[in-house]
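Enquirer: Turn this into a model:
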Amino acid sequence: DDECSRGSSICPINSLCRNTPGSYVCDCISGYKMITE
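Expert: Numbering: from 1, shown residues only. Down below sits the predicted model:
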């Protein structure tokens, strides 16, 4: 299943969705870092 095709809203702004087997991950675009609070 293509999780990323469901819409860009599943990943934060300035990140790219990447499909993984059975799930997905959000990769930051160049120049950005993921902030976890």
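Enquirer: could you pull out the helices for the chain?
Expert: In order along the chain, the chain carries no helices (DSSP state H).
Enquirer: where do the strands sit along it?
Expert: With DSSP state E as the criterion, the chain has strands at 15-20, 23-28.
Enquirer: Quick check: bridge partners of the residue most central in space within the chain?
Expert: In the chain, the C-alpha nearest the mean C-alpha coordinate belongs to Cys26, at 2.3 Å (Cα atoms, centre = their mean). Beta bridges link Cys26 to Cys17, judged by DSSP bridges.
Enquirer: rewinding a little: would you mind putting the strands of the chain into JSON lines with distance to Ser9 and mean pLDDT alongside?
Expert: C-beta: built from backbone N, CA, C; applies to glycine. Compiled in JSON lines, the strands of the chain are given as follows (distance: least, Cβ to Cβ, whole Å; pLDDT from 0 to 100):
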{"stretch": "strand 15-20", "distance to Ser9": "10", "mean pLDDT": "90"}
{"stretch": "strand 23-28", "distance to Ser9": "11", "mean pLDDT": "90"}
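Enquirer: Thanks again, I'm all set now.
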